[in-house]
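Visitor: structure here, sequence nowhere to be found:
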DNA sequence: AGCGCCATCCGGGACGCCCCCCATTTGCGC
DNA sequence: GCGCAAATGGGGGGCGTCCCGGATGGCGCT
C-alpha cells in the first residue's frame, strides 16, 4: 500500500508535534519531515521523497505562501496544503494563487485536516466550510459591483503605496510625495505585506509588475 | 532670443558653482535651478521651466541615472545630459539606456560642456571622444563573438547574485545557497548596484525582470 | 614580471526596512 | 448609535541593506 509522504512546516515545534500526532494516526499518511521555516521548507520540499507539503503561513525567513509559490513552480507534482492561523480568511485568495491545492484552518477538527490531505492528494481542492462561504460572498460581492479588479485585497490607498514602492521610492520619499508621515507609510507597507503574505519590498515589486501596476 | 533653461544636479555645491560659471558665460544658456540630489532633480525637473537637465551620476537619495529614467519617461521633451566622474566609461551604456541625450566627463574642457548642451538641445547626441572610442570598441568586440548578450556589464557571478536577489532572497540566504560569506554577497551587490547606477534591491528586481533573468 | 580584472573575505557604521505595541479620526453599513 | 474598516500617527527595537576602506589569491594579457 502506498502512503502519502508528508512534510510539516511550522515554526512552533508544539504545533508540528500536534499535527504529526493527528496524521500518524492514519495508516495512509506518514510524516517524513519537519521543518521550522519557509526557506527550509523549500529546500526540503524539493526532494522527491515528499508528496505533500503542509505549510503554515507565518514563518520566519520565508512565509508559507512564498514557499508554496517556490515549491509548486519548481517541482511539478508536489501538492501543497496551506495552514492558516485562527479563522482569518484574509490570505485565502492569495494562497490559492500561490498554487496551493488546499487551505485549512489550524482550529478545524482533526477530521478535516486528514480529509484535506486525502482530498489534496486526489487532486481535489479542499476548503474549510468558512472558506467556501467566503469565496461565495466574494463572488456575489464582485458580481454586484462588476467594476472591481479580479482579485486584490488592497485598498486604493495601499495600491498607491505599492506603486511607489515598486518604483524604488524610499519610505521618506513616499511620505514626502503623498504628504504623509513616514510612520503612516510604514504602517501601510506592513499591512500590505501582511495581506499578501510577503516578506519585503522585493516580493512586492514582482507582485506589482505581475498586476501591471508598474512597468518592469 | 530664446535661451536654453538649464537645471544643474550635483551633490557638491562647488561643482555646481563651477558648472554655472562656465554656462553663464554663454548668452544662449541660462541656469534656472540647482539641486543637490536625484530626488530633488526629478521633482524640480518635472516643472516646465527647465529645458535641459544636467545630472551627475552619483548623488544621494537617487542616482543621476535613475533620475534620468524618471524624467525622460515622465516628461516628454525634456533633454538630459549625464555628467560622469573622472574618465570612467562604465556607466556610458546604462546612461544611454536611461534616455540621456548626452554623456560628458566632468574633466572635459569647458568648451565641450557648452557644445554638449547645444548639441543636446538640437536633438543630437553628444559623446566625448573617449566615449565614441568605447562605443566602437564595444561594437567590434560584440561583432567578433556575436553570441554575447547585447549589453550587460555584469560578470557571471554577479548575474547569479542578481537572480537570487530578484527572487527575494536575503543576503544570508544567498550566502547560504552559494556557500559564501555574507560579506562577499554584500560586496557583489554593492558592485552590481554601482555598475548599473542603481540604489537598491528594488531597482535590481526590475532590471532582472527586464533582462529576463527572472520571472515577474 | 607587472597590470588589470574577478572573486573572495573582513570590520564598522549609517540608515532604511520591518515589526510590535499603542492611539485617533473619518465614513460606511446595519 | 455601534461596530468596523480605512487612514492616519507615535515609540521603540531588531535586523537587513548599503557604503566605506581595506586585503588576498588567481587568471589572462602584455
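Guide: It's in. Not measured: the values here are computed from a predicted model.
Visitor: gap between residue A:164 and residue B:202?
Guide: Here residue A:164 is placed at a distance of 11 Å from residue B:202 (C-beta to C-beta, to the nearest Å). Every C-beta, even on glycine, is put in place using the N, C-alpha and C of the backbone.
Visitor: sorry, slip of the keys, the one I care about is residue A:176.
Guide: Going from residue A:176 to residue B:202 by C-beta to C-beta gives 17 Å.
Visitor: and residue A:98, by the same measure?
Guide: For residue A:98, the distance to residue B:202 - C-beta to C-beta - is 22 Å.
Visitor: check residue A:182 too.
Guide: Between residue A:182 and residue B:202 the distance, using C-beta to C-beta, works out to 17 Å.
Visitor: those two: which has the busier surroundings?
Guide: Using other C-beta atoms under 10 Å in any protein chain shown as the criterion, residue A:182 and residue B:202 rank with residue B:202 on top: 21 against 14.
Visitor: quick one, what contacts the closest residue in space to that one that isn't next to it in sequence?
Guide: The spatial neighbour of residue B:202 that comes closest, neighbours along the chain excluded (C-beta to C-beta, 6 or more residues apart in numbering or on different chains), is residue A:168 at 4.3 Å. The neighbourhood of residue A:168, defined by C-beta atoms under 8 Å, 6 or more residues apart in numbering or on different chains, consists of B:66, B:198, B:199, B:200, B:202, B:203, B:206.
Visitor: quick check: pLDDT value at the residue most central in space within chain A.
Guide: The structure's chain A has its C-alpha centroid closest to residue A:65; by C-alpha atoms, centre = their mean the separation is 3.0 Å. Predicted confidence (pLDDT) at residue A:65: the value is 84.
Visitor: these two touch, right, it and residue A:99?
Guide: No. With contact defined as C-beta atoms under 8 Å, residue A:65 does not count as touching residue A:99 (9.6 Å).
Visitor: got any ranges where chain A has weak pLDDT?
Guide: Residue ranges of chain A with pLDDT under 70: A:1, A:85-93, A:97, A:107-109, A:128-152.
Visitor: try it again with 80
Guide: Along chain A, the parts satisfying pLDDT under 80 run over A:1, A:58, A:60-62, A:73, A:84-99, A:105-111, A:123-153.
Visitor: that one: helices as residue ranges?
Guide: Counting by DSSP state H, one finds helices in chain A at the ranges A:13-24, A:38-45, A:64-74, A:92-97, A:110-121, A:129-144, A:156-166, A:171-178, A:182-196, A:201-210.
Visitor: and of those, who's closest to residue B:61?
Guide: Evaluated over the helices of chain A, closeness to residue B:61 peaks at helix A:171-178, with 7.2 Å, by C-beta to C-beta.
Visitor: which strands and helices lie in contact with the closest one?
Guide: Other elements packing on helix A:171-178 under the criterion 3 or more C-beta pairs under 8 Å, 6 or more residues apart in numbering or on different chains; DSSP states H and E are helix A:156-166, helix A:182-196.
Visitor: turn those into CSV, columns for distance to residue A:214.
Guide: Listed next are the helices and strands packed on helix A:171-178 as CSV, based on distance: least, C-beta to C-beta, whole Å:
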stretch, distance to residue A:214
helix A:156-166, 4
helix A:182-196, 14
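Visitor: and residue A:51, how far from DNA strand C?
Guide: Distance, residue A:51 to DNA strand C, using C-beta to the nearest atom of the strand, to the nearest Å: 30 Å.
Visitor: wait, that residue touches residue A:81, no?
Guide: No. Using C-beta under 8 Å, residue A:51 makes no contact with residue A:81, being 11.0 Å away.
Visitor: more neighbours, these two?
Guide: Higher neighbour count among residue A:51 and residue A:81: residue A:81, with 24 against 20, using other C-beta under 10 Å.
Visitor: now do the nearest residue to residue A:195 once chain neighbours are set aside against residue B:216, distance only.
Guide: Once flanking residues are discounted, residue A:195 sits nearest to residue A:153: 5.0 Å by C-beta to C-beta, 6+ apart. Counting by C-beta to C-beta, the separation of residue A:153 from residue B:216 is 19 Å.
Visitor: any idea how far residue A:194 is from residue A:171?
Guide: According to C-beta to C-beta, residue A:171 stands 17 Å off from residue A:194.
Visitor: looking only at neighbour counts, state which of these two leads.
Guide: Comparing residue A:171 with residue A:194 by other C-beta under 10 Å, the one with more neighbours is residue A:171, at 19 against 13.
Visitor: you'd agree the more buried one is up against residue A:182?
Guide: Yes. Between residue A:171 and residue A:182 there is a contact under C-beta under 8 Å: 5.2 Å.
Visitor: can you list the domains in chain A?
Guide: A:4-134, A:156-210 (automatic domain parsing).
Visitor: end-to-end on the last one?
Guide: Meaning domain A:156-210. Chord length of domain A:156-210, first to last residue, is 17 Å (C-alpha to C-alpha, to the nearest Å).
Visitor: that domain close to DNA strand C?
Guide: Yes. Using C-beta under 7 Å from any atom of the strand, domain A:156-210 reaches DNA strand C at A:170-172, A:186-187, A:189-190, A:193-194, A:199-202.
Visitor: tell me the buried residues within these.
Guide: Those of the residues of domain A:156-210 next to DNA strand C that meet the buried threshold are A:170, A:171, A:189, A:193, A:199, A:201, A:202, by 16 or more other C-beta atoms under 10 Å in any protein chain shown.
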